[in-house]
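Undergrad: Build me a structure from this.
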Amino acid sequence: MQERGMSRRMFGVAAALAAGFAATGCGTAHSDTAAAAPSSTRARTSIGDAAVASKTAPPPDNSPAAVAARHAADQPQRWGVQMQGITSTFEATGKQLALTFDACGGPGNNDIDDSLINFLVTQQIPATLFLNKRWIDANPVRAGQLAVNSLFELANHGVAHKPLSVNGRAAYGIAGTGSAQEAADEVWANHERLTGLVGKPPRFFRAGTAHYDDVAVAIVRELGETPVGFSINADYGATASAAKVRSAMNAAAPGAISLAHMHRPQSGTGTGMIAVLPTLREMGFTFVHL
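TA: Just a heads-up that it's a prediction; the model follows:
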């Protein structure tokens, strides 16, 4: 998926679901005898000069330290799960839907819902899996198996599952990263872990709780990843019943990105998804990677 801005149509879908997120120059006259060079020649000279200048200009330093230093004094103006720079929908070709599943990692969150993952494999349903570094470290063999399965694209869910901020702002009682350097570190350590696991850098990042401030969004993008949100909150942090998961997914529109979780096998997520995904296929939906 090439990143695109939210269409007017999909913006309306995302806004309608917002309540569910809380549980977010000038020509020169001349005579026939004028000796001045033709304007086309001057244009070519200008373009050539610009090309030479671009070749000699050093590329921006987007190392984590440099990115953090550039934003060290920036004060955030926005906070939440939706803002410019966060991909929450995509421009669909037909009735396409992107499934994403988070593995949050840490105490009580290092399990895996085998029934859900096995169902996706059996039914050949692609998904983007946002893996936290703690989850990968606790499940290295299983993470390696997911990495080589072409049905799944592995994406970055951070190091400590923190909301991504530059001033420690919290979401759902979880304190966010406290500075630009902490935000960069939250992204980068797992960027390197996933690069080693998959053999190429991850393209996408989702913050813990999916909350960002606008400075943190810029940091993620400068580090080479796309901040991802959602337009369907399918399981409310793996707390929803199977019936609620089915209801949320049944409201899908083309270009939606669903958010659910793959690390709590006792939740209603797996049962709800296993019930609703075949129904969505019967409705004409196809499932795609981000």
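
Undergrad: how about the most centrally placed residue in the chain, what does it touch?
TA: Nearest to the mean C-alpha position of the chain, counting by Cα atoms, centre = their mean, stands Val228 at 2.3 Å. Val228 makes contact with 86-88, 100, 130, 155, 204-206, 257, 290 under the criterion Cβ atoms under 8 Å, 6 or more residues apart in numbering. Heads up, the C-betas are built off the backbone N, CA and C, glycines and all.

Undergrad: beta partners of it?
TA: Thr87 (DSSP bridges).

Undergrad: Hmm, Leu290 is touching Thr89, no?
TA: No - Leu290 is beyond contact range of Thr89, at 10.6 Å (criterion: Cβ atoms under 8 Å).

Undergrad: where does the chain have low pLDDT?
TA: Applying pLDDT under 70 to the chain picks out residues 1-58.

Undergrad: please redo it, this time with the cut-off set to 90
TA: Along the chain, the model assigns pLDDT under 90 to residues 1-60.

Undergrad: residue boundaries of the strands in it?
TA: For the chain, applying DSSP state E gives strands covering 79-80, 96-103, 127-131, 152-156, 204-205, 212-213, 226-227, 232-233, 256-261, 286-288.

Undergrad: tell me what the second one is packed against?
TA: So that's strand 96-103. Packing partners of strand 96-103 (3 or more Cβ pairs under 8 Å, 6 or more residues apart in numbering; DSSP states H and E): strand 127-131, strand 256-261, strand 286-288.

Undergrad: what does the first one give?
TA: Of the remaining helices and strands, those touching strand 79-80 by 3+ Cβ pairs under 8 Å, 6+ apart are strand 212-213.

Undergrad: So which residues make contact with the strand it packs on?
TA: Contact partners of strand 212-213, identified using Cβ under 8 Å, 6+ apart, comprise 76-81, 83, 86, 163-167, 169, 176, 220, 227.

Undergrad: Just the buried ones from those residues?
TA: For these, a burial check counting by 16 or more other Cβ atoms under 10 Å picks out 76, 79-81, 83, 86, 163-167, 169, 176, 220, 227.

Undergrad: Max pairwise distance over those residues: which two?
TA: Ile86 and Asn167 (18.2 Å; Cβ to Cβ).
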